[in-house]
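Q: here is the input, now give the coordinates:
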Amino acid sequence: QVQLVESGGGSVAAGGSLRLSCAASGQTFSIYTMAWFRQAPGKEREFVAAIRWRRGNTYYTDYADSVKGRFTISRDNAKNMVYLQMNSLKPEDTAVYYCAAERYNSGSYMVNDYHYWGQGTQVTVSS
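A: Below is the predicted model:
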């Protein structure tokens with residue numbers, strides 16, 4: 001079992017920055033794909049960013065088009081942590097952000113393929 005706990009959400013003006021953190025438990029954390037999803041009111045949960053084990057200590061990263069160039073995902077396996085640095089925030093980034101883990105390193109970014117989820121953290125960007 002993996003437990004995920006997000007932190008770092010809050011309210012910020014457009015153009016500002018926030019850094020989300022996700023603390024994970026579990027001994028096999030280093031080979032799981034870790035991702036961030038978000039869900040705005042009245043909308044479906046959507047993929048934001050993922051970091052997927054490649055080999056050794058190298059990882060792939062991938063981003064939704066809407067956040068490319070503004071958001072950066074990273075991980076610290078020694079601390080079992082995943083981060084999402086969000087810069088140049090826009091009002092349309094307002095959502096609950098969820099940390100998620102996928103056991104099989106499949107490369108999927110579909111919500112239903114992720115096995116573990118955090119409780120979510122609210123990000124609100126005002127115009």
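Q: ok, the longest strand along the chain: who's next to it in the sheet?
A: For the chain, the strand that runs over the most residues, judged by DSSP state E, is strand 46-55. Strand 46-55 has its sheet partners listed here by DSSP bridges as strand 33-39 (antiparallel), strand 58-63 (antiparallel).
Q: buried residues, that strand. List them.
A: The neighbour-count check on strand 46-55 (16 or more other C-beta atoms under 10 Å) flags 47-53 as buried. Just so you know, the C-beta spots here come from the backbone N, C-alpha and C atoms, and that holds for glycine as well.
Q: again, but for stretch 114-127
A: 114, 116-118, 120-121, 123, 125.
Q: contacts for the longest strand of the chain?
A: Residues from elsewhere that reach strand 46-55, judged by C-beta atoms under 8 Å, 6 or more residues apart in numbering: 30-39, 59-64, 67, 71-75, 82, 84, 97, 105, 107, 109-111.
Q: in the chain, which spans are strands?
A: Counting by DSSP E, the strands of the chain are 4-7, 10-13, 18-24, 33-39, 46-55, 58-63, 71-76, 81-86, 95-102, 116-117, 121-126.
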